[in-house]
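J.: For reference, the sequence and a predicted model appear below.
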Amino acid sequence: MMSYGERPRLLVVANRLPVSSKKTGENSWSMEMSPGGKFNLLGGVTDQYDTKWVGWPGFDVYNEVEKTALSKSLAQMNCIPVFLNEVFDQYYNGYSNGIIWPILHHMGLPVEYHHDANKSFQTQYDAYKKANRMFLDVVMENYEEGDTIWCQDYHLMFLPQYLKEYNNKIKVGWFLHSPFPSSEVYKTLPSRSELLRSVLRADLLGFHTYDFARHFVSTCTQILGVEGTHEGVVDQGRLTRVVVLPMGIDPDRFISTCKLPEVIQQMNELKEKFSGKKVILGVDRLDMIKGIPQKYLGFEKFLEENPDWRDKVVLVQIAVPTRDAVPEYQKVRDQVHGLVGRINGRFGSISSLPVHHMDCSVPSNYLCALYATADVMLVTSLRDGLNLVSHEFVASQESKKGVLILSEFAGAGQSLGAGALLVNPWNVTEVSSAIKDALTMPAEEREERHRVNFQYVITNSAEKWGGDFLSELNDAFAASEMKIRSIPHEIPQQDMIQRYSQSNHRLIILGFCGTLTEPMNSQNDELDLKLNPKLEGTLKALCNDPKTTVVVLSRSGRNILDKVFGEYKIWLAAENGMFLRDPSGEWVTNMPQNMKNLDWVHGVKNVFKYFTDRTPRSFFEASETSLVWNHEYADVKFGKTQARDMLQHLWAGPISKASVDVVRGNHSVEVHAMNETKGAAIGRILGEMMHKISMTTPIDYVFCSGYLLEKDEDIYTFFESEIVPSKLSHETRSKSSSSIHSLKKKQVSPNVFDLKKENYFSVAIGQTRSKARYVIDSSQDVVDLLQSCSCRYNNNGPPIF
Ligand SMILES: O=P(O)(O)OC[C@H]1O[C@H](O[C@H]2O[C@H](CO)[C@@H](O)[C@H](O)[C@H]2O)[C@H](O)[C@@H](O)[C@@H]1O
Ligand SMILES: O=c1ccn([C@@H]2O[C@H](COP(=O)(O)OP(=O)(O)O)[C@@H](O)[C@H]2O)c(=O)[nH]1
């Protein structure tokens, strides 16, 4: 592993490098850091990391000598160029900004020009993939083992997959600076699944707001049929962590710039120019998402309704040209120019114009002067990942304490909403009233609102954001490394059976659905879950064996388990351990206190019933604390569509405020009380069991197997902590503190376990990755294993079946 100096290495990969390069002569360049945008993060993380940037330099370079010269100059700024040249147009203007960008911002797909080879989705998509491969090539040329790769934004959605395909051990994070839309919008994208699958290969995914993260997870569950959990997205036992981390700015840069003599001079000039007038400021790229037309309509309405203000207020709008080659951007520019002309025509005079509109960017010091001089900042984005401009305004207003009017559709609305006046930019009347409120706001309220926002902006800086993301990435990577190491092995069948026969008290814990159930096929009419007939005799023999305790631990309810296992001398734990039945058939409630509020159950049941009635061959199980809707036997495609719709209904209705977990399985939707997992239940179950029986022989053999959800796999790790270290004798062990009693706060005898590592068999069914030690393919293998064990139940005696 290579580390530059003492610091770990970080490669930040973004579409654009954070420097602007100017050609000063043949093969010579001058470089300047770009001050704005997400490039602020660079300052934030360089202290702890040796950081290098990989990205497009901002222009084409074809000549090899020039490429080398530019690369050398960029290297001095820790930048590495990716020369996209002929791919750039279709990748950047085409797929990135013409297709993905509008989708991410809820604007829908443009009409496809499929007759024009340069504009068809397919050619643009191919260019996008090609560009992502070009980024990969440059990253790999510079990669050293142990480096962290942080991919930025929607331009690089294929990069996580390409990196992991190249080397699965690379640590990869991806952050989306844009919003992520509702699944209803996202699913219109023709390449929807490929892009999602690719980003899911990263170790950590970051979003600006909770809504974007929630949309992303639910989109993955609906389109890919993967499982969404509170940690992220789980596919085939592999977790991709999802975090919400709103970006920030470098507030000190704005605070100190406002104190520079040059900037104070600019501020004085601006004050003089607009003396006697209040200044409303807008700073946006000239992008459809920024809602500049809506801003002008709101301002126009304000002037219409408030004639007294007409010569006392100006709107200064910096509209930075952007993505000019994309047709939609040309349209919005023309529309905006039309509105500016109309407003100035209606309300202007020889001596004053209400709108000062500029199609240009301004130098960063001048921008600071504008921020600091303005009385009101007006942000009317229709959708915006975050909106750094609003943060920058707040940071620059330390002395003026002006008012921020902020669109509720900007990510920043979720963090600066407390101090800002939040508006719906589509509501022209609301924007107009907010302008009036801002201009007439009493000083006391203005100062208080500013104080709240200023506090947020200085605390949640870009530095904190970068540090938090990278530390989350390290944690996620370490956790996934541990998982990779524990890819389960094939079960050593002979050893398992031999150890079984040599032990004195065996505990067998089994799941039910997919573990012990009868295999179903598409011809089956009977939808009742039934015990696999091949297991009937085996299970009976195991249950009758005095040396063996068998527990079925299932999400199913008491009535189902009773029906299936009524005649067996078996322990049944229904609803993941909420109810426990002993071998004599008596049920007790075994529910933790904090799960008693079950008001949501009724509403969920109604939604499940509605969908069951409309989805042939689907069914649901409703128990007291959980509900499962199963579409395994329904038409595959229709079942998935219905499940997707069902989730929308659930989120919008009965579970919107409930403490529940929703789990989207491959063929099911489950809703159950929060944190109710098999691992959380097993301590309680064993405690209750020990309470009921007097156990003379400690458990020295455990077989635990199921076709389990990722979250229920905590049951496999539960027993790991019960294992006796090999050097501890049984006597020493009995004095040690490692007992269920101490671990799970239940009244059980201290000598419940005497479990050696070799005698613990946790066996996952049908998983490629798992917390279990071993893996088997199907429930048929469970049948074989249990049969082999039961044949040996009288130790060395002859098989009885
Ligand atoms: O590089 P361009 O194509 O000219 O576009 C500039 C950037 O626009 C987008 O910015 C987003 O990132 C900001 C910081 O996270 C966020 O505040 C804003 O809401 C987003 O729109 C784009 O995502 C960047 O990649 C572009 O560089
Ligand atoms: O003339 C200008 C106007 C704006 N900006 C910067 O552009 C960024 C805009 O970021 P924001 O998140 O508001 O929107 P985006 O353009 O990234 O969608 C901010 O950092 C501004 O300081 C700039 O550098 N020059």
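T.: Yep, that arrived. Ligands and ions are numbered 1, 2, ... in the order given.

J.: okay, CA-based contacts and neighbour counts for the rest of this
T.: Noted.

J.: Span of stretch 438-445 from start to end?
T.: 10 Å (C-alpha to C-alpha, to the nearest Å).

J.: Now it: buried residues?
T.: In terms of neighbour count (16 or more other C-alpha atoms under 10 Å), stretch 438-445 has its buried residues at 438-439.

J.: and what of stretch 493-510?
T.: 496-510.

J.: can you check stretch 286-306 too?
T.: By neighbour count with 16+ other C-alpha under 10 Å, stretch 286-306 contains the buried residues 286-304.

J.: what's across from the residue of the stretch 151-300 of the chain found nearest ligand 2 in the sheet?
T.: Scanning the stretch 151-300 of the chain for the residue nearest ligand 2 gives Arg285, at 5.2 Å (criterion: C-alpha to the nearest ligand atom). With DSSP bridges as the criterion, the beta-bridge partners of Arg285 are Val320.

J.: quick one: it from Trp426, how far?
T.: 19 Å.

J.: Now do the same contact list for Ala319.
T.: 282-286, 357-361 (C-alpha atoms under 8 Å, 6 or more residues apart in numbering).

J.: ok, 6 Å please
T.: By C-alpha atoms under 6 Å, 6 or more residues apart in numbering, the contact list for Ala319 reads 284-286, 358-360.

J.: From Gln335, how far off is it?
T.: Counting by C-alpha to C-alpha, the gap from Ala319 to Gln335 is 13 Å.

J.: Show residues contacting the helix or strand hosting Ser21.
T.: Counting by DSSP states H and E, the element that carries Ser21 is strand 19-25. Where contact means C-alpha under 6 Å, 6+ apart, the residues beyond strand 19-25 that reach it are 29-34.

J.: pLDDT of the helix or strand containing His672, averaged?
T.: Under the criterion of DSSP H and E, His672 resides in strand 668-673. For strand 668-673, the mean pLDDT works out to 89.

J.: Report the residue ranges of every domain in the chain.
T.: Annotated domains of the chain cover 9-244, 251-460, 489-591+678-724+746-792, 598-673 [the TED database].

J.: Just read off the phi/psi values of Ser554.
T.: phi -130, psi 160 (degrees, to the nearest 10).

J.: neighbours of it, just the number please.
T.: Ser554 has 22 neighbours, counted by other C-alpha atoms under 10 Å.

J.: Kindly state the beta-bridge partners for Thr549.
T.: Beta-bridge partners of Thr549, as defined by DSSP bridges: Leu507.

J.: One more: the one 4 residues further on?
T.: Partner residues in beta bridges with Leu553: Ala573, with DSSP bridges as the criterion.

J.: longest helix in this structure, by residue count?
T.: Longest among the helix segments of the chain by residue count, using DSSP state H, is helix 462-485.

J.: Contact partners for Lys301?
T.: Lys301 makes contacts with Ser432, as judged by C-alpha under 6 Å, 6+ apart.

J.: before we move on, the earlier item: return the subset of the buried residues of stretch 286-306 lying in helices.
T.: Secondary structure from DSSP H places 292-304 of those in helices.

J.: could you measure the residue of the stretch 151-300 of the chain closest to ligand 2 against Leu382, distance?
T.: Distance check for Arg285 against Leu382: by C-alpha to C-alpha, it reads 13 Å.

J.: Who has more neighbours out of those two?
T.: Leu382 (21 against 18).

J.: Checking that one next. Helix, strand or coil?
T.: Following DSSP: H, G, I helix; E, B strand; the rest coil, the label given to Leu382 is coil.

J.: pretty sure it contacts Gly291?
T.: Yes - the criterion here is C-alpha atoms under 6 Å, and Leu382 meets it with Gly291 at 5.3 Å.

J.: wait, which of the contacts of Ala319 is closest to Glu444?
T.: Asp284 (29.0 Å; C-alpha to C-alpha).

J.: On the strand side of things, show who the residue nearest the centre of the chain bridges to.
T.: The structure's the chain has its C-alpha centroid closest to Val242; by C-alpha atoms, centre = their mean the separation is 2.8 Å. For Val242, the beta-bridge partners are Leu205 (DSSP bridges).

J.: tell me the contacts of it?
T.: Here Val242 is in contact with 204-206, 232 (criterion: C-alpha under 6 Å, 6+ apart).

J.: can you give me the strands in the stretch 301-450 of the chain?
T.: Assigned by DSSP state E, counting those that start in this stretch, the stretch 301-450 of the chain shows strands spanning 313-320, 355-358, 376-379, 403-407, 421-423.

J.: Next: the stretch 451-600 of the chain.
T.: Going by DSSP E, counting those that start in this stretch, the stretch 451-600 of the chain shows strands at 489-490, 506-510, 548-553, 571-574, 579-581, 587-589.

J.: Just put those strands in TSV and tack on distance to Ser390.
T.: Shown next, in TSV, are those (distance: least, C-alpha to C-alpha, whole Å):
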stretch	distance to Ser390
strand 489-490	54
strand 506-510	56
strand 548-553	53
strand 571-574	53
strand 579-581	53
strand 587-589	54
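
J.: Compare those and give me the one nearest ligand 2.
T.: strand 489-490 (48.0 Å).

J.: what pairs with that closest one, and is each one parallel or antiparallel?
T.: By DSSP bridges, strand 489-490 pairs with strand 774-776 (parallel).

J.: Buried deepest among the strands of the stretch 301-450 of the chain, which one?
T.: Mean neighbours per residue, mean count of other C-alpha atoms under 10 Å, is largest over those for strand 403-407, with a mean of 28.

J.: what does that one contact?
T.: Applying C-alpha under 6 Å, 6+ apart, the contact partners of strand 403-407 are 376-381, 420-424, 438.

J.: and the two most separated of those?
T.: Greatest spatial distance in those: Ser381 and Ala438, 17.9 Å, computed using C-alpha to C-alpha.

J.: Please, where are all the helices along the stretch 701-801 of the chain?
T.: Using DSSP state H, counting those that start in this stretch, the helices of the stretch 701-801 of the chain run over 714-720, 730-735, 740-744, 779-791.

J.: one step back: so which of the domains of the chain comes closest to Ala476?
T.: Closest to Ala476 of these is domain 9-244 (C-alpha to C-alpha; 6.1 Å).

J.: and that closest one, how far out from the chain's middle?
T.: 17 Å (C-alpha atoms, centre = their mean, to the nearest Å).

J.: Show me which residues of the stretch 651-800 of the chain are close to ligand 1?
T.: Within the stretch 651-800 of the chain, no position is near ligand 1 by C-alpha under 6 Å from any ligand atom.

J.: which intervals of the stretch 651-800 of the chain have sub-threshold pLDDT?
T.: Scanning the stretch 651-800 of the chain for pLDDT under 70 picks out the ranges 675, 726-750, 792-800.

J.: give me that answer again for 50
T.: Low-confidence segments of the stretch 651-800 of the chain (pLDDT under 50): 728-749, 794-800.

J.: what about the strands in it?
T.: For the stretch 651-800 of the chain, the strands defined by DSSP E, counting those that start in this stretch cover 660-664, 668-673, 701-706, 723-724, 755-756, 760-765, 774-776.

J.: so how far is the last one off the chain centroid?
T.: Pointing back at strand 774-776 there. 29 Å.

J.: which secondary element of this structure has the worst mean pLDDT?
T.: One helix or strand of the chain scores below all others by mean pLDDT, DSSP states H and E: helix 740-744, with a mean of 39.

J.: all helices of the stretch 201-350 of the chain, in order?
T.: 210-224, 251-257, 261-273, 292-305, 327-347.

J.: how about the ones you listed in CSV, adding distance to ligand 1?
T.: Below are the helices of the stretch 201-350 of the chain laid out as CSV (distance: least, C-alpha to the nearest ligand atom, whole Å):
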stretch, distance to ligand 1
helix 210-224, 12
helix 251-257, 15
helix 261-273, 24
helix 292-305, 14
helix 327-347, 12
